[in-house]
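Participant: Can you look at this prediction? I've put the sequence above it.
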Amino acid sequence: MSASPLTGKSILVTGVTGMVAGPVAAKLAAQGNTVYGAARFKDPAQRETHEAAGVQTIRVDLETRDFGEVPDGLDYVLNFAVARTNDFATDMAANGEGSAALMERCQDVVAGNPRRDAHGNRPRRALVSLTPAASFMASISLAY
């Protein structure tokens, strides 16, 4: 059984300059989604490849909690961003606390569900975090 492609959604993909997030963002954009590719973009030339693939680039910094360019009305957030500075406090601030702050910022993200169900309850919101921790295990975080 294969899943049908995701189309017509508004998706934030963090860590878009990385080896995994970039191709994922490009594929999602090619399938007809509005994709926001987020990274620090210290080198402005990094944006060109992603924009050529139909990804709208925005600046996000998990360490400093810079989410000013994150749009409202997102359907999905895929967090591939990871800091690897070899400084535990810096990496924890970005990877742990920064991811939590991103979840807070995107708390209205709804994974393709209506904003309220038939009973007036808010459905689960999805932020998928795919940042590697000490191993290669992926974690999926659901914000309720």
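Facilitator: Yep, that arrived.
Participant: Only C-alpha atoms from now on, for both contacts and neighbour counts.
Facilitator: OK.
Participant: Ala81: which element?
Facilitator: Per DSSP states H and E: Ala81 is located in neither a helix nor a strand.
Participant: quick one: it and Gly15 touch, right?
Facilitator: Yes: using C-alpha atoms under 8 Å, Ala81 is in contact with Gly15, at 3.8 Å.
Participant: Helices of the chain, residue ranges please.
Facilitator: 21-30, 46-52, 88-92, 99-105 (DSSP state H).
Participant: low-confidence ranges in the chain?
Facilitator: 1-3, 110-144 (pLDDT under 70).
Participant: what do Ala81 and Gly15 both touch?
Facilitator: Ala39 (C-alpha atoms under 8 Å, 6 or more residues apart in numbering).
Participant: if we can go back for a sec, among the helices of the chain, which comes closest to Val60?
Facilitator: Nearest to Val60 among these is helix 99-105 (9.6 Å), distances taken as C-alpha to C-alpha.
Participant: in that closest one, what's buried?
Facilitator: For helix 99-105, the neighbour count (16 or more other C-alpha atoms under 10 Å) marks 99-103, 105 as buried.
Participant: quick revisit: export the helices of the chain as JSON lines, with columns for distance to Pro71.
Facilitator: Output for the helices of the chain, formatted as JSON lines (distance: least, C-alpha to C-alpha, whole Å):
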{"stretch": "helix 21-30", "distance to Pro71": "16"}
{"stretch": "helix 46-52", "distance to Pro71": "17"}
{"stretch": "helix 88-92", "distance to Pro71": "25"}
{"stretch": "helix 99-105", "distance to Pro71": "10"}
